[in-house]
Every structure is written in C-alpha cells, then in structure tokens.
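Undergrad: Dropping the sequence and predicted coords here.
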2 protein chains.
Amino acid sequence: MNEMNATQALVASEVSRERGIDRVLKLFAYLNTRGQPVRVADLPKALGAPRSTIYEIVRVLAESGMLEISSDDNKVYFGRAMYLYGISYFRGNDLIRRGSREVDALSKLTGESSELCMLNRNRQAVVHTHPGTRPMRIVSEAGSQWPLPWTASGRLFLSHMSEIEIRELIQPEDLILPDRRVVDINEFIGECVAARDKSIVITRGLINNFSQCLAVPIFGLDGDVQATICFVLPIDLTDAQRAVVQEELISSGRKLSMQGHDR
Amino acid sequence: MNEMNATQALVASEVSRERGIDRVLKLFAYLNTRGQPVRVADLPKALGAPRSTIYEIVRVLAESGMLEISSDDNKVYFGRAMYLYGISYFRGNDLIRRGSREVDALSKLTGESSELCMLNRNRQAVVHTHPGTRPMRIVSEAGSQWPLPWTASGRLFLSHMSEIEIRELIQPEDLILPDRRVVDINEFIGECVAARDKSIVITRGLINNFSQCLAVPIFGLDGDVQATICFVLPIDLTDAQRAVVQEELISSGRKLSMQGHDR
DNA sequence: GACGGGTGTCCGATATATCAGACTGACCCC
DNA sequence: GGGGTCAGTCTGATATATCGGACACCCGTC
C-alpha cells in the first residue's frame, strides 16, 4: 500500500504471534489428518505453538464440547459438538444427503466399495463411504482427505480449471504417491483437461498396486463438478465385470446431477 | 490478589473485549439453534458483538471451510470442514455408531420414529433419528438440542445427579414448555430421582399435546447414563400397542449398554 | 433527488490474549 | 538417591486482535 512506514516492518518479521482462531483451525486440521486422539503434550511440537497457548486453547474447546479429552491418558480428539454441528450441515445439504443414499444403494446393488467425494481446498474429501462385500479392505475412510493427483476424482475436480489454476493449487508433495513414485505435473494436467469431456475417469494402481478407482462427476446447476461418486475395485477385474458396475455408476452420477429438482 | 493497583480496575469493568475463540464458539452455537443459514449482517446484533469483528471472524472461518457463505444473499451456515470433522468424531465413537444402527433397526422393525440422544452440557442433543411410517411428523431433527425438562431422556440424564447439581444445571427458561406451561422444579427433580431405578421413562404431552416419548437409558462401563434411545409415539396408542414397542426399546437399550465388548 | 436505513469495508487506539520461560512434580534409569 | 526427561501450570510483558466509529455504497420511499 505504502512504502513509507517501514518503521516496524523489519522488526515484526522475526517475532510473530498467532491468533487463537488460526491456532484452533490448524489444530482441527491436524487432528483430522491424524484420524485418532492425540496427546495434548504432543500438540505444541506438531503445530509449532507454545505449550501454554495450546493448553489454554484445548481447555476452552473441550469445555465447549468441540473437542473431547480422554481422562486417562490426556488425549484429545473431536467432540460431540463438532458432530452435532456437522450433522446440521448435513441436514442442510441436499447433495450430500442424496449422494450418501446413492452410495449405499450402489454398494448394496453391486457389492463393491463406493464413495462420495467433494473438493475441499486442494484436497479430495471422502464424504461418505460404503464398504463392499469383497474381502478387500476399503481404501479410504469417511472424513479423510487425499491429494488430488492420487485419485480419479481429482482429475474431475480440476477438469474445468485452467493450467495455471491447477499449478497454483497442486503442491509439490501432492505429486508424490504413497510408493514414492512422482506424478508428472504436465501429464496430470493433461489428464485433467481430458476429463472435461468424459462421463467417467478411471485410474489404476495410484494409491496402491491392487486397486483401481472409477469416478463419475456430479454436476451442479451451473455445470461445475460439485462432487464425485466412485467405485474402488480390484485391479484385475475383467472388462466385462467392470462394464457392468461402470454403467450403474454413470447412471448414479447422472441421477445426482439432475437439475431442476426443487427444495 | 492486591488492593493497591485499582488504577484501571474501575475503568476496565465497563469496557470488555472478548476473545476470538469465544466469539467463534458462540457463533457456532447460535447457528445450531437457528438450524438454517443466517445473514451475516444479523449476527452482530444476535451475538452482541461488533460488526467489524464478526465480519472478520466469518471471513476466516469461511476460508477454512468451517462455515459456508451463500454467495447470493450472504448468509452463513456450517461448512464442509465441520461435517468432515464431525464424521471423524463419529468414526471414533463406538456408541454413536452402534446406537445409530440400532435406531434405524428399531424404526424399520416397529414403524415408529426413534432417536438416539446424548447429554450436551445442559441440553439433550438429538444425535440420530429415523422417521417412522406414521403420517405424524417426526418431533426433532438430528443436531437439534432441547431443554432437559421437556423430555423423557432429560429425566434419565439427570437421574444420577444430586438435587443441588440439578438445580445448578437447569435454567429457569428451560422449565417453560413450548405452550408456556411451567414445569415445577421440585416435581421435576422428583421425576429425575425416580428415573434412577427405572428401565424406561415415559413423558406425555410435554413438547406438544399429541405425542408421548418413551426413553430408555444406555449405560456406560461405570454405570452412568451415556445416552438414551427413544420412541416418539402418538399419545393415543392403546396400552397393548405400546407394550409391544416398549419391549423392543428396552431390549435395544440393554444391548447398547452391554459391557465388556472390546476395541 | 433528497433522505433514511441497512450492509459491508477500513483504520487507528488500546485492552488483552498470546507468548516465553520459570517452576513443580512425576517418572524412569542408572 | 541423584540426574535427566517430560507433562502440566502459572505469571508478567508485549505484540496484536478486537473494538468503535467513520466511510462508501446500495436501495428503497417520499
């Protein structure tokens, strides 16, 4: 804005005090990535925050029910209030409600694992899952979040972005797959662009070498990809087997995208 | 601590500045009681907070996904992140998971509306519901919270508290029913104490004059009431009809209370 | 087109929340 | 029992987040 008042600009850069709200948001995000209760004593290191601050914040959040502290080992995790607010969101969100039902129906119909996913900043959030009847373990858990280059849905979410937007969104570490292989960013962008015209995107062996992911877009009223609905399948299905479930999936995607349904 | 430095003691009492975190928690609670998107412009009045503060807080929370702002009319409500964190809690919480399944099963079996409820501070939180097949509208929505004197579950939640604890917890306004009748606090305390030995508590015509509520306790390992599972029934059922579903409900409560199941 | 009510943004002042660090007590290992 | 590591609490100092109020804007109504 102005280059005149550089009086405290130099001094300020060193010492930095962070807002309580920001610490809270980082704390939530951290708990979510961990996916299980975390010792309060570990949080200061993990979040790069002073101990006194963390203890105070945790106390306030636990009092309000946003977090819960297990009395024996002093671990914190999300609390009842978070859940209640979460289902309030769910109630108000038609797409998630309908999509979750559709996921359940798809899994019961086909016996395969399916998921409803949404874009959350630069991550794919798994909003709802239903395990299949196969002995294979389901790949992702509800609430978990994944780098976009790892998933078929990721290509769909980025399909209507420009190359520049995609490059901005994707962090270098997102391109590293679980087995340390690195996704080429240009190839990835190409796949995103290609996804624009497709009714289904399939990726194989990205997250592990024994599964493939089939994802179809769910379009909003203005033609953007609001969510995806996916199958997680063993990689060695025959084409015929895949074709069957694929048709069901595409039809579910169409149904959820259907426009003009009111309320 | 010291009576000497009263220099700013007088001045400070008037003006009071509130923490961001506390404002955030109040904001969440307010949104939850409203149960639907709220105009940002209304929040300062509703929360007794300065406008500049609210706009800033809402901006930060919306950026992080805890809240969502509808672009057209600038209303806020809970966001995706809240939901994701909420289901993370759900995943880690055995009781809610099993209880929700049981509620669904009960409703399908009997055709009646049923709910899973938990105590949240001095409110009864409706954690999960399943509507019945009757034409009657379900009484409460998932995520909503009710004063304890209004409900059968309320009596169970307080059944192991002392009279003094109950008096502290119950606010005067909680005793006013929707139709302006006032619950007598002493009678209420008597009902709470009486609930201690009962396997089921029934209240009739409290929230409205056409329904009754049947609630059974779900006990934790240490014998406290961790949650309740309830039916909401028309008030004019015959005793025989009620006896049938009542047995199912009690059996569900026993099953969920079952101790010694590990993991 | 003047007026009034309401919405959203911006800015400087100051009350205070955050921070660093000291302190206590528990626990373990040698 | 001495020494080291770690968990949790407490306190005073200060960087800054909150606040009040001014401002610009929109949109009705008269």
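TA: All right, it came through fine.
Undergrad: Tell me which residues touch the residue of chain A found nearest DNA strand C, please.
TA: The minimum distance from chain A to DNA strand C, using C-beta to the nearest atom of the strand, falls at residue A:20 (2.1 Å). Where you see a C-beta, it was placed from the backbone N, CA and C, and this is true even at glycine. When contacts are counted by C-beta atoms under 8 Å, 6 or more residues apart in numbering or on different chains, residue A:20 touches A:53, A:57, B:19, B:20, B:21.
Undergrad: Select from the residues you listed every entry located in helices.
TA: Using DSSP state H, the subset of the contacts of residue A:20 located in helices is A:53, A:57, B:20, B:21.
Undergrad: Need the max-distance pair from these.
TA: A:53 and B:20 (13.0 Å; C-beta to C-beta).
Undergrad: List the buried residues of the host helix or strand of residue A:23.
TA: Element membership for residue A:23 (DSSP states H and E) is helix A:20-34. Buried positions in helix A:20-34, judged by neighbour count with 16 or more other C-beta atoms under 10 Å in any protein chain shown: A:20, A:21, A:23, A:24, A:25, A:26, A:27, A:28, A:29, A:31, A:32.
Undergrad: Can you tell me the number of residues neighbouring the closest residue to residue A:152 other than its chain neighbours?
TA: With sequence-adjacent residues excluded and distances taken as C-beta to C-beta, 6 or more residues apart in numbering or on different chains, residue A:152 is closest to residue A:215, at 3.8 Å. Neighbourhood size, residue A:215 [other C-beta atoms under 10 Å in any protein chain shown]: 28.
Undergrad: Return the list of strands paired to the helix or strand containing residue A:215, each annotated with direction.
TA: For residue A:215, the element it lies in under DSSP H and E is strand A:211-219. Using DSSP bridges, strand A:211-219 pairs in its sheet with strand A:201-204 (antiparallel), strand A:225-234 (antiparallel).
Undergrad: quick one: average confidence on that strand?
TA: Mean pLDDT, computed over strand A:211-219, is 93.
Undergrad: which of the residues in stretch A:198-216 are buried?
TA: Within stretch A:198-216, the residues that qualify as buried are A:200, A:201, A:202, A:203, A:206, A:207, A:211, A:212, A:213, A:214, A:215, A:216, counting by 16+ other C-beta under 10 Å.
Undergrad: And for stretch A:174-190?
TA: By neighbour count on 16+ other C-beta under 10 Å, the buried set for stretch A:174-190 is A:174, A:175, A:177, A:183, A:185, A:188, A:189.
Undergrad: and the residue nearest to residue A:199 when sequence neighbours are not counted, what helix or strand is that in?
TA: Closest residue to residue A:199 apart from its sequence neighbours, by C-beta to C-beta, 6+ apart: residue A:250 at 5.5 Å. Taking DSSP H and E as the definition, one finds residue A:250 inside helix A:239-257.
Undergrad: could you give the mean pLDDT of that helix?
TA: For helix A:239-257, the mean pLDDT works out to 91.
Undergrad: what helices or strands is that helix leaning on?
TA: Contacts defined by 3 or more C-beta pairs under 8 Å, 6 or more residues apart in numbering or on different chains; DSSP states H and E place helix A:239-257 against helix A:94-110, strand A:211-219, strand A:225-234.
Undergrad: between the shortest one and helix A:239-257, how many degrees?
TA: Read that as strand A:211-219. Taking axes from the mean of the first three to the mean of the last three C-alpha atoms, to 10 degrees, one finds that strand A:211-219 is oriented at 30 degrees with respect to helix A:239-257.
Undergrad: and the angle for strand A:211-219 with helix A:94-110?
TA: Going by the same axes, to 10 degrees, strand A:211-219 makes 140 degrees with helix A:94-110.
Undergrad: now strand A:211-219: how far from the chain's centre is it?
TA: Centroid displacement of strand A:211-219 relative to its chain, using C-alpha atoms, centre = their mean, to the nearest Å, is 14 Å.
Undergrad: Compute the number of surrounding residues for the residue nearest to residue A:199.
TA: 16.
Undergrad: what's near enough to touch it?
TA: Contacts of residue A:250 (C-beta under 8 Å, 6+ apart): A:199, A:200, A:216.
Undergrad: ok, now residue A:205?
TA: Residues near residue A:205 by C-beta under 8 Å, 6+ apart: A:211, A:212, A:235.
Undergrad: any idea which of those is closest to residue B:153?
TA: So of those, ranked by how close each gets to residue B:153 (C-beta to C-beta), first place is residue A:211, at 43.6 Å.
Undergrad: partner residues bridging the closest one?
TA: As for beta bridges, residue A:211 partners with residue A:234 under DSSP bridges.
Undergrad: wouldn't it be in contact with residue A:235 here?
TA: Yes - between residue A:211 and residue A:235 there is a contact at 5.8 Å, judged by C-beta atoms under 8 Å.
Undergrad: Show me what the closest residue to residue A:174 other than its chain neighbours is bridged to.
TA: Of all residues not flanking residue A:174 in the chain, residue A:147 sits nearest, at 3.6 Å (C-beta to C-beta, 6+ apart). Taking DSSP bridges as the rule, residue A:147 bridges to residue A:123.
Undergrad: What of residue A:69?
TA: Going by DSSP bridges, residue A:69 forms beta bridges with residue A:76.
Undergrad: Can you give me every residue that contacts it?
TA: A:40, A:58, A:62, A:75, A:76.
Undergrad: which of these has the most neighbours?
TA: The residue in the contacts of residue A:69 with the most neighbours, by other C-beta under 10 Å, is residue A:76 (21 neighbours).
Undergrad: element containing residue A:128, please.
TA: Using DSSP H and E, residue A:128 sits within strand A:123-130.
Undergrad: what bits of chain A have low per-residue confidence?
TA: Within chain A, the ranges that satisfy pLDDT under 70 run A:1-15, A:135-139, A:221, A:258-263.
Undergrad: residue contacts, the closest residue to residue A:98 other than its chain neighbours?
TA: Closest residue in space to residue A:98, ignoring its immediate chain neighbours: residue A:256 at 6.0 Å, by C-beta to C-beta, 6+ apart. Contacts for residue A:256 (C-beta under 8 Å, 6+ apart) come out as A:95, A:98, A:99, A:102, A:218, A:227, A:229.
Undergrad: Present those as a markdown table; the columns should include neighbour count and distance to residue A:167.
TA: What follows is the contacts of residue A:256, written out as a markdown table (neighbours: other C-beta atoms under 10 Å in any protein chain shown; distance: C-beta to C-beta, whole Å):
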| residue | neighbour count | distance to residue A:167 |
| --- | --- | --- |
| A:95 | 16 | 28 |
| A:98 | 16 | 34 |
| A:99 | 26 | 29 |
| A:102 | 22 | 33 |
| A:218 | 25 | 25 |
| A:227 | 24 | 24 |
| A:229 | 27 | 27 |
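Undergrad: Looking at those residues, spot the one nearest DNA strand D.
TA: DNA strand D has its nearest neighbour among the contacts of residue A:256 in residue A:95, at 29.3 Å by C-beta to the nearest atom of the strand.
Undergrad: how far away is that closest one from chain B?
TA: Look at residue A:95 and chain B: by C-beta to the nearest C-beta, to the nearest Å, they are 11 Å apart.
Undergrad: Surely that residue touches residue A:227?
TA: Yes - the pair residue A:95 and residue A:227 passes the contact test of C-beta under 8 Å, sitting 6.0 Å apart.
Undergrad: Now list whatever residues contact both of the two.
TA: Shared contacts of residue A:95 and residue A:227, counting by C-beta under 8 Å, 6+ apart, come down to A:218, A:256.
Undergrad: In this model residue A:171 seems to touch residue A:149, though I could be wrong.
TA: No - counting by C-beta under 8 Å, residue A:149 stays clear of residue A:171, with 9.9 Å between them.
Undergrad: between these two, which one's more packed in?
TA: Taking neighbours as other C-beta under 10 Å, residue A:149 and residue A:171 compare with residue A:149 leading, 26 against 12.
Undergrad: Let me know whether my guess that the more buried one is in a helix holds.
TA: Yes - the assignment for residue A:149 by DSSP: H, G, I helix; E, B strand; the rest coil puts it in a helix.
Undergrad: Excluding sequence neighbours, find me the nearest residue to it.
TA: Nearest residue to residue A:149, sequence neighbours excluded (C-beta to C-beta, 6+ apart): residue A:183, at 4.5 Å.
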